[in-house]
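1. Return atomic coordinates for the entry below.
(one chain, ligands or ions: 1)
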Amino acid sequence: MMSYPLTLTHFFERSRRLFARKTIATRVPGGPLFRYTYGEFAERTMRLAGALAALGVRRGDRVATFGWNSHRHLELYWAVPLSGAILHTLNIRLSAHDLTYIINHAGDSIIFADASLLPLLAAFRDALPTVRRIVVMPDGAGAVGSSGAAASVEDVAYEALVAGAEPVSGWPELRETDAAGMCYTSGTTGHPKGVVYTHRAMFLHCLAEAMADQFGISEDDRILHIVPMFHANSWCLPFTAVMVGADQVFAGPNPQPRDICQLIQAEKVTFTGAVPTVWIAVKELCEKEGFDISSLRTIAIGGSAAPKSLQQAYAKNFGVQMSHAWGMTEMTPLGTVTRLKSYMGDWPEEKKYDVFARVGYPSVGVDARIVDDSGKELAWDGVGMGELQVRGPWVVASYYDNAESADRFTADGWFRTGDVATIDAEGYVQITDRTKDLIKSGGEWVSSVDVENMIMAHPKVLEAAVIAVPHPKWVERPLACVVPKPGCVIEPAEIIDFLRSKLARWALPDEIEIIDAVPKTSVGKFDKKVLRERYKNWKPRDATANA
Ligand code: AMP
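-> Numbers count the residues shown, from 1 in each chain. You can find the predicted model right below:
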C-alpha cells in the first residue's frame, strides 16, 4: 500500500471539493446569526493561512487562540495546523496566573483573541515575552472584565488581515507525526500540563468519533458546538464535522441555557454535546418554557458523570437518548461511549439505564485496563475497582516539556488516567471517582459519584456534589452539598430518607448542606476542590454517627 500520511490536510481538501454548499453559522449576541457556506469557509481559511505566512508564522510555531466558539475560531482550527504550525487553544476562564504560565511555557508567538476578551489579556500581556502580535476577532459581544481596552500598536484586526491576504495556493507536505494542536489540562495540582496532538492522532480520532457505534456523525447532521473550543479540542467535533461535511452552528460568546434552547429549536440541530451541568440547566428551561428540541437525534454528554435520572428525563420528556461518553484532554479526548449492544434492546427499562449510566465500552483504538494499588491487573467482573489505564494512537505519550509528570505513565507504556473504575464482563466501564474524590470512611470506600447521582434523582434536587470531610472516628465521611430546584424547599431529612434504602450504611451522608449553587470549574464541571476548601474545618454535628 501507499505510504500516505494521515494528516488533517486530507479532510480539509476533500471537504472543500465535496461540501462547498453546506453551511456554517455563528450566534452573534443581539443580532441575526452570521452565516456562510463551506465554500466561503475554505476560501477564508486559505486566506488566513496566507496571512499567517505573512505574519512570519513558521512550521512548529505555536499560534494561540483566546476565544469563544465561532466560525473564525474554526478557520484557525484548520489554517494553523495545515500550515504546519501548532494550534494552541487557551482556556479563557483560567486565572491570569495560570494563563501567563501556559502561554510562556508553550512559547506562543501570536494570540488570536476575541475583542470582548481583550481586557482579560491586557491584565498580563506585559508578562508574555514570546507573544509578537495579538490579532483581534470581532465577536460582537460586550467587553469582559474591567481593566479597559487592550488596543495597542501591535494589535491587528482579523477581518482586515484576512481580507488583505493572498490565499495560499496549496499546503505544505506534512508528516502525520507532526504536531497539529496543543491544549493544557485544567489541572488541579501543580502547574497545568500541556498535551500535544499529532495530525495522525486527530485523523484517527475523527474517524472513530464519527462511527455509527460512537456518535454516528454524518453529512446530514446539523451540529451545535457548545463544548468550548478550548476544552479538549471541543471534543474534536469541529474537525469531525468538517470531515463529514455536516452543517455547523457555533454557540458564540458566553452562551446561556436560553441561547442553547433557541439555537437547537431554530436551527433544527440534530447533534450537540456538553458537560452534564449544561444539560441540567437546559432541561429545567425546556420543561418550564416548552422549547422544541425534538430535532436532536442524540446529545453527547460527558466530562463528568451523567446521572441516570437526567438521561431518563431527556428520553421521557424530549425523546432524546443521550450518548454518555468518557474522555480526557490527554485522549484527544474520546475514550468510551455508551451504546446498548443489540441483544440488550429488550431488557427492562431500569436495566438498560443502568448501562447508560456507565460510560460505555472502549472505543476502537483505545486499550483499557484496571489496575490495583500493587500494579496487578484486575478482572473485568464489574466488582474489582482500580485505576483506569489506557493506551492507543490518540492517547498522550508524555506531557509537553514536563519531566515531573513521568509518573503518569507506566513502565509498560500505559497512561494512568487518575480515574478509578470497574469494568464489567461486557466491557462497560463505570467511573467510580477521580482518585482524589474517593471517600474512605472507616476503611470502606464511598463513591462520591454514586451518591451524587442518587441524590440528583430526587425530584426537588437540581444539583448535588459529595465530598469527604474529616471525621474524628471514621477519618472521612461524605458530606452532600445540595442545590434545590428553583422554587423548591427541601429538608436534609427528606434526602437522607430518599437515600436510605439505596445506599450501604457507611455511604449514607450524615449531613446535607443546602447551598445556592455548586461551584463550577473553568470547563463547567462541579468544582469539588472549592467545596473541599470551604468545608475543610467541618465539625460533624454528631461525631458518633453512622458507618
Ligand atoms: P478533562 O481533561 O477536563 O476533559 O477531564 C477529564 C476527566 O473528566 C476524566 O479523567 C474524568 O475524571 C472526568 N470525566 C470525563 N468524562 C466523564 C464521565 N462520563 N463520567 C465521569 N467522569 C468523567
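2. What distance do you get for the residue in the stretch 351-500 of the chain that the ligand sits nearest to to T422?
-> When you check the stretch 351-500 of the chain against the ligand by C-beta to the nearest ligand atom, the closest residue turns out to be I431, at 4.0 Å. Placement of C-beta: from N, CA and C, glycine included. Distance, I431 to T422, using C-beta to C-beta, to the nearest Å: 9 Å.
3. What pLDDT does the model give the closest residue to the ligand within the stretch 251-400 of the chain?
-> The ligand sits closest to T329 of the stretch 251-400 of the chain, with a gap of 3.4 Å, by C-beta to the nearest ligand atom. Looking at T329, its pLDDT stands at 96.
4. One more: the one 10 residues further on?
-> For R339, the model assigns a pLDDT of 95.
5. Looks like it contacts D213 (just checking).
-> Yes: with contact defined as C-beta atoms under 8 Å, R339 and D213 form a contacting pair (5.9 Å).
6. Of these two, which one has the most company?
-> R339 (20 against 13; other C-beta atoms under 10 Å).
7. list the contacts for that one?
-> With C-beta atoms under 8 Å, 6 or more residues apart in numbering as the criterion, the residues that contact R339 are D213, S323, G360.
8. what's the helix or strand for it?
-> Counting by DSSP states H and E, no helix or strand carries R339.
9. any idea how far it lies from D292?
-> In this structure, R339 and D292 are separated by 26 Å, where distance is defined by C-beta to C-beta.
10. Equivalent analysis for A406, please.
-> On the measure of C-beta to C-beta, A406 and D292 end up 52 Å apart.
11. So between the two, which is more surrounded?
-> Neighbours around A406 and D292, counted as other C-beta under 10 Å, are more numerous at D292. The numbers are 12 against 9.
12. Distance from the chain centre to the helix or strand hosting D433, please.
-> Under the criterion of DSSP H and E, D433 resides in strand 429-434. Using C-alpha atoms, centre = their mean, to the nearest Å, the mean C-alpha position of strand 429-434 is found 17 Å from that of the whole chain.
13. Name the helix or strand of this protein that has the lowest mean pLDDT.
-> In the chain, the helix or strand scored least confidently by mean pLDDT, DSSP states H and E is strand 444-446, which has a mean of 83.
14. Adjacent strands (with direction) for that one?
-> strand 439-441 (antiparallel) (DSSP bridges).
15. So what's the gap between the partner strand and the chain middle?
-> On the basis of C-alpha atoms, centre = their mean, strand 439-441 sits 28 Å off its chain's mean C-alpha point.
16. ranges for the helices of the stretch 51-200 of the chain?
-> Under the criterion DSSP state H, counting those that start in this stretch, helices of the stretch 51-200 of the chain are mapped to 71-82, 96-106, 118-122, 158-163, 199-210.
17. Take those helices and lay them out in a markdown table including mean pLDDT.
-> Listed next are the helices of the stretch 51-200 of the chain as a markdown table, based on pLDDT from 0 to 100:
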| stretch | mean pLDDT |
| --- | --- |
| helix 71-82 | 98 |
| helix 96-106 | 95 |
| helix 118-122 | 93 |
| helix 158-163 | 95 |
| helix 199-210 | 98 |
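18. circling back to that earlier point, among the contacts of R339, name the ones in strands.
-> With strands taken from DSSP state E, the overlap with the contacts of R339 comprises S323.
19. Quick one: residues contacting the residue of the stretch 351-500 of the chain closest to the ligand.
-> For I431, the contacting residues are A305, W326, V359, L388, D419, V420, A421, V449, by C-beta under 8 Å, 6+ apart.
20. give me every residue that touches the second one.
-> W326 sits next to G302, G335, T336, V359, G360, D419, V429, I431 when contact means C-beta under 8 Å, 6+ apart.
21. What separation is there between the residue of the stretch 151-300 of the chain found nearest the ligand and T329?
-> Of all residues in the stretch 151-300 of the chain, the one sitting closest to the ligand is A232 (4.9 Å; C-beta to the nearest ligand atom). Between A232 and T329 the distance, using C-beta to C-beta, works out to 4 Å.
22. go on, P362?
-> Distance of P362 to T329, computed by C-beta to C-beta: 18 Å.
23. can you check P484 too?
-> Noted for P484: a distance of 33 Å to T329, by C-beta to C-beta.
24. Check F250 too.
-> When distances are taken as C-beta to C-beta, F250 and T329 turn out to be 21 Å apart.
25. rewinding a little: could I get the buried residue list for the strand holding D433?
-> For strand 429-434, a neighbour-count test (16 or more other C-beta atoms under 10 Å) marks V429, Q430, I431, T432, D433, R434 as buried.
26. Show me what the host helix or strand of G335 is packed up against.
-> Under the criterion of DSSP H and E, G335 resides in strand 334-337. With contacts defined as 3 or more C-beta pairs under 8 Å, 6 or more residues apart in numbering; DSSP states H and E, the secondary structure elements packing on strand 334-337 are helix 199-210, strand 321-327, strand 361-362.
27. if we can go back for a sec, which positions within the least confident helix or strand of the chain qualify as buried?
-> Applying a neighbour-count criterion of 16+ other C-beta under 10 Å, the buried positions in strand 444-446 are V446.
28. what does that strand rub up against?
-> Under the contact criterion C-beta under 8 Å, 6+ apart, strand 444-446 has outside partners M385, T432, L438, I439, K440, P478, A504, W506, A507, A547.
29. Among the residues you listed, name the least confidently predicted one.
-> In terms of pLDDT, the lowest of the contacts of strand 444-446 is A547, showing 50.
30. Need phi/psi at V371.
-> In terms of degrees, to the nearest 10, the main-chain angles of V371 are phi -140, psi 140.
31. Where does pLDDT dip in the stretch 1-150 of the chain?
-> In the prediction, the stretch 1-150 of the chain carries residues with pLDDT under 70 at positions 142-150.
32. closest point of it to the ligand, which residue?
-> Scanning the stretch 1-150 of the chain for proximity to the ligand using C-beta to the nearest ligand atom identifies N91 as nearest, at 9.5 Å.
33. give the contact list for that residue.
-> For N91, the contacting residues are L99, Y184, S186, P228, F230, H231, S522, V523, taking C-beta under 8 Å, 6+ apart as the criterion.
34. Are any of those buried, and if so which?
-> Buried subset of those (neighbour count, 16+ other C-beta under 10 Å): L99, Y184, S186, P228, F230, H231, S522, V523.
35. tell me the least confident of the residues you listed?
-> pLDDT across those is lowest for S186, at 66.
36. that older thread, just send the contacts of W326 back as CSV, with pLDDT too.
-> Rendered in CSV, the data for the contacts of W326 read as follows (pLDDT from 0 to 100):
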residue, pLDDT
G302, 93
G335, 98
T336, 98
V359, 97
G360, 98
D419, 94
V429, 98
I431, 93
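37. Please identify which pair of those residues lies farthest apart.
-> For the contacts of W326, the maximum inter-member distance is 13.6 Å, found between G360 and D419 (C-beta to C-beta).
38. before we move on, back to that, just the buried ones from the contacts of strand 444-446?
-> Using 16+ other C-beta under 10 Å as the burial test, those include M385, T432, L438, I439, P478, W506, A507, A547 as buried.
39. hang on, the second one packs against I439?
-> Spelled out, it's T432. No: with the criterion set as C-beta under 8 Å, T432 and I439 do not qualify as a contacting pair; they are 10.7 Å apart.
40. Now do the shared contacts for these two.
-> For the pair T432 and I439, residues contacting each of them under the criterion C-beta under 8 Å, 6+ apart are W445, S447.
41. what bridges to the nearest residue to R133 once chain neighbours are set aside?
-> Distances taken as C-beta to C-beta, 6 or more residues apart in numbering place I110 nearest to R133, at 4.8 Å, with adjacent residues excluded. Under the criterion DSSP bridges, I110 forms beta bridges with V63, R133.
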